[in-house]
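Chemist: Give me a 3D structure for the following:
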Amino acid sequence: MNIIVIMIFIAGAFVVQMGLGFLQIKHFSKAYAELRRIGKVAIGKKPGRIRAGTIVLFAVSNSGKILKAKKMQGVTVMATVKDLPGFEDKNIRTLKEEDMAHCNKLLKLAILDAVSNYKTIMSGGVIPEKYSPFKNMMLKAERAVAVKK
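Modeler: Below is the predicted model of the structure:
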């Protein structure tokens, strides 16, 4: 009897997390669409494994001027998209360390990722895919098997 209660509890927690994750993605998509109506959107991320993950969105004009900035930072699916003040009217190509003085370390790394992504795309490049830890393990296993053959 106890095992059934535990299984129901785990299934319920899984369903709740899926629902909250869906709401978080919906909230992010709404913020992205809002910025997309303003101009191009540069996105930077710093995924958190133990610490808070961070995503930064910059609405950018054709000249590279930042029109609006938003961030999502948190550990759980309860993290929401919030305005990121202090970057309006600055050029994304020339952001400096002092422009990010009011930001924490993870936020700075996400901003630098957004700048790098913007520069790569605007120069005609392609942003390399970043694999999940599970995908990295699978690739290492495939290479190990290929070497033995």
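Chemist: contacting residues around the lowest-mean-pLDDT helix or strand in the chain?
Modeler: Across the helices and strands of the chain, mean confidence by mean pLDDT, DSSP states H and E is lowest for helix 133-148: a mean of 82. Identification of contacts with helix 133-148 by C-beta atoms under 8 Å, 6 or more residues apart in numbering yields 49, 131. For the C-beta atoms, the positions are set from N, CA and C on the backbone; glycine is no exception.
Chemist: So which bits of it are buried?
Modeler: Across helix 133-148, burial judged by 16 or more other C-beta atoms under 10 Å covers no residue at all.
Chemist: Helix or strand next in line after the longest helix belonging to the chain, which one?
Modeler: Longest helix of the chain, by residue count under DSSP state H: helix 2-38. Per DSSP states H and E, the first helix or strand lying C-terminal to helix 2-38 is strand 40-46.
Chemist: Determine the angle, from 0 to 180 degrees, between the very next helix or strand once past that next one and strand 40-46.
Modeler: Downstream of strand 40-46, the next assigned helix or strand under DSSP H and E is strand 53-60. Between the axes of strand 53-60 and strand 40-46, defined by axes from the mean of the first three to the mean of the last three C-alpha atoms, to 10 degrees, the angle is 160 degrees.
Chemist: Direction included, what does strand 53-60 pair up with?
Modeler: strand 40-46 (antiparallel), strand 66-74 (antiparallel) (DSSP bridges).
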